[in-house]
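S.K.: Got a predicted structure plus its sequence, pasted below:
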Amino acid sequence: MVHGIGDERDGARPGVDGLPGGGLNIAHEAADRHVARGRGDRVALRCPGRDGTVRTVSYAELSGLSGRFAGLLHRLGVERGERVFTLLGRVPDLYTAALGTLKAGCVLSPLFSAFGPEPVRTRLAAGDGRVLVTTRALYRRKVACLRGSLPGLRHVLLVDGAADGDEGPGTVALHPALAAADPDTPCAPTGPEDMALLHFTSGTTGRPKGAVHVHGAVVGHLATARHALGLGADDVFWCTADPGWVTGTSYGIVAPLAAGATVLVDDGEFDAERWYAILRDHRVAVWYTAPTAIRMLMKAGAAVARRYDRPALRVIASVGEPLNAEAVTWAQDTLGLPVRDTWWQTETGAIMIACAVDAPVRPGSMGRPEPGIEAAIVTRTPGGGVRVADGPGTVGEIALRAGWPSMFRGYLGDEERYRRCFADGWYLSGDLGVRDADGCFRFVGRADDVIKAAGHLIGPFEVESVLMEHEAVAEAGVIGVPDPIAGETVKAFVTLKAGHTPSEALARALIGHARARLGPAVAPRALEFRDALPHTRSGKIMRRLLKARELGLPEGDLSTLEGNGDGRR
Ligand code: WT7
């Protein structure tokens with residue numbers, strides 16, 4: 001099942017090693033095997049501090065720390081297959097917790113630290129989180145108030161905790177507990193099909209879906225890090241994605257460590273000067289970022305870029321949202337390298353289509369399928385099957401031949417929804433695309449209503465539900481509106497209950513409520529009141545129509561629209 005292994009510039013054996021006694025575990029591939037190969041002194045993590053100091057963690061240290069974490073989970077009685085959530089920024093303890101969880105045979109579920117209490121609660125409940133690893137401040141702000149509603153959450157490990165119980169019952173100070181644990185706690189004898197990661201993602205309707213990934217996914221992480229991103233064991237690698245999103249785990253943690261590279265761990269916000277200084281001072285060779293970040297650098301101007309050199313930078317790649325051609329050529333002209341596009345999803349686990357390092361860059365095109373991946377443009381047939389487009393130039397849904405190593409193995413507790421993602425042996429991505437005559441894929445748009453704000457996938461339903469908690473709100477419809485930097489931002493349309501009247505102050509109050517509940521990254525930026533929202537005859541809000549009207553676009557097929565067309569019920 002090993003596919004698409006790239007060049008072996010590091011002299012390592014192709015692909016993954018597997019556990020010494022048989023089986024496969026991501027933590028072994030990411031840490032222990034480098035020690036076993038005599039590479040334990042190499043730097044795994046390079047963590048610049050705010051004060052200019054740099055902390056490094058070697059592969060041997062990471063192996064020991066993750067062993068201690070696994071030992072701690074055993075001591076707490078956490079069992080194999082149980083879920084350990086993290087609510088952390090990019091800090092060294094994240095790596096300890098992530099690999100330690102996998103080593104213990106538990107399942108890692110990372111949360112976005114900018115989430116408010118509501119998305120945190122929904123995911124901890126849906127995933128039946130047994131353990132949460134976080135900071136005291138995040139715990140106080142987002143979780144302490146939820147403890148009563150989460151009886152399954154037994155232990156909260158605080159990376160900056162001073163003593164057990166200092167933030168209430170069931171809180172554990174992580175560092176003293178690690179110090180008392182055994183660094184040589186052995187790796188659980190997991191197999192390639194055992195569940196390893198649980199990533200929540202959003203759809204058009206319903207609650208967030210928990211995409212299940214297995215230990216075997218590491219084969220795909222490693223192969224694509226080498227082939228698409230050109231990553232070697234001697235490189236410093238920087239992934240700017242937050243660990244709460246799949247990129248921050250697959251390529252922020254697993255892929256570069258499996259490749260034996262040095263991971264640059266930076267927890268700061270975007271700041272053009274600081275980012276250029278990181279690329280220079282830490283000799284970053286491979287940089288994986290997002291189109292929004294490139295557009296923010298463009299906004300900061302070429303003059304800043306020219307003040308810093310990038311002595312080791314070989315590859316710039318991006319993911320998560322459409323990469324506009326201007327960003328590619330700006331980077332080529334200003335940074336001396338193009339941005340290489342990569343396309344994948346939470347469900348695919350690893351890069352599927354890429355403008356790989358050995359391919360020419362065509363601005364506006366995402367590139368070709370990675371080795372071992374079969375991709376096609378398909379249309380769904382009325383009988384529930386798919387028809388594969390025979391020639392280039394047809395717009396349709398991007399589909400992947402099912403069965404690659406990092407493919408999700410289910411949506412937790414929702415067999416039916418998982419089944420609906422597949423037809424005739426293809427996984428249907430929900431993205432629209434087109435294939436060029438040269439075999440490259442172009443992104444056309446989403447087939448559903450989800451929003452991409454600064455590369456973050458936001459489910460409109462989650463935002464609408466929180467707005468509707470407010471006593472003044474009767475109904476809410478949420479869409480993405482274009483933004484020159486972030487790609488899209490969240491906008492809400494709201495109808496009010498009798499007795500409430502639209503006002504600037506109420507709009508501000510509703511946005512404030514959403515920010516407190518959802519966190520600023522998910523809450524609407526803009527909000528407008530309406531007398532009525534357009535519905536289908538079956539009663540669903542027609543977000544597509546709200547969006548078309550907002551953007552002045554053709555309204556499309558209105559045959560399912562209820563009532564007289566303006567949405568009055
Ligand atoms: C959705 C998946 C996989 C890591 C990022 C987020 C959009 C992803 C591209 C790209 C245009 C892209 C798609 C996809 N997307 N890469 N190169 N060009 N759009 O994973 O949160 O599951 O989002 O991001 O719409 O379906 P995710």
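M.R.: Now that the structure is in, tell me what you want to look at.
S.K.: make it CA atoms for all contacts and neighbour counts henceforth
M.R.: Fine.
S.K.: Please name the nearest non-neighbouring residue to the residue nearest the centre of the chain.
M.R.: Nearest residue to the geometric centre of the chain (Cα atoms, centre = their mean): Trp245, 2.2 Å. Leaving aside its sequence neighbours, Trp245 sits nearest to Phe112 (Cα to Cα, 6 or more residues apart in numbering; 6.6 Å).
S.K.: cool, and Gly22?
M.R.: Using Cα to Cα, 6+ apart, the closest residue to Gly22 is Pro189 (7.6 Å).
S.K.: Closest residue of the stretch 451-569 of the chain to the ligand?
M.R.: Residue nearest to the ligand within the stretch 451-569 of the chain (Cα to the nearest ligand atom): Leu457, separated by 4.6 Å.
S.K.: Just confirm that residue is within a helix.
M.R.: No - using DSSP: H, G, I helix; E, B strand; the rest coil, the secondary structure at Leu457 is strand, not a helix.
S.K.: From Leu279, how far out is Asn324?
M.R.: Applying Cα to Cα, to the nearest Å, the value for Asn324 to Leu279 is 23 Å.
S.K.: nope, Thr262 is what I meant
M.R.: 13 Å.
S.K.: go on, Val286?
M.R.: Taking Cα to Cα as the measure, Val286 and Leu279 are separated by 9 Å.
S.K.: Can you check which residues contact both of these two?
M.R.: Common neighbours of Val286 and Leu279 (criterion: Cα atoms under 8 Å, 6 or more residues apart in numbering): Leu313.
S.K.: that older thread, so what pLDDT did the residue nearest to the centre of the chain get?
M.R.: With respect to pLDDT, Trp245 scores 94.
S.K.: same question, Arg417
M.R.: 95.
S.K.: can you give me the end-to-end distance of stretch 414-428?
M.R.: Termini of stretch 414-428 sit 17 Å apart (Cα to Cα).
S.K.: Say whether the ligand is contacted by that stretch.
M.R.: No - judged by Cα under 6 Å from any ligand atom, stretch 414-428 makes no contact with the ligand; its nearest approach is 10.1 Å.
S.K.: what comes up buried for that stretch?
M.R.: Tyr418, Phe422, Ala423, Trp426, Tyr427, Leu428 (16 or more other Cα atoms under 10 Å).
S.K.: Those in helices, which ones?
M.R.: Tyr418 (DSSP state H).
S.K.: Next, give me the two most distant ones among the buried residues of stretch 414-428.
M.R.: By the measure Cα to Cα, Tyr418 and Trp426 form the most distant pair in those, at 12.4 Å.
S.K.: The residue nearest to Trp245 touches Ala241, doesn't it?
M.R.: No - checked against Cα atoms under 8 Å, the pair Phe112 and Ala241 is beyond contact range at 10.3 Å.
S.K.: Show me the helices in the stretch 151-300 of the chain, by range?
M.R.: 174-179, 218-227, 246-249, 255-258, 272-281, 291-300 (DSSP state H, counting those that start in this stretch).
S.K.: Can you show me the CA trace of the fourth one as PDB?
M.R.: I take that to be helix 255-258. C-alpha atoms of helix 255-258 as PDB (Å, rounded to 0.1, in the frame of the first residue of the first chain):
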ATOM      1  CA  ALA A 255       4.500  14.800   7.800                       C
ATOM      2  CA  PRO A 256       7.600  16.800   8.600                       C
ATOM      3  CA  LEU A 257       8.400  14.700  11.700                       C
ATOM      4  CA  ALA A 258       7.900  11.400   9.700                       C
END
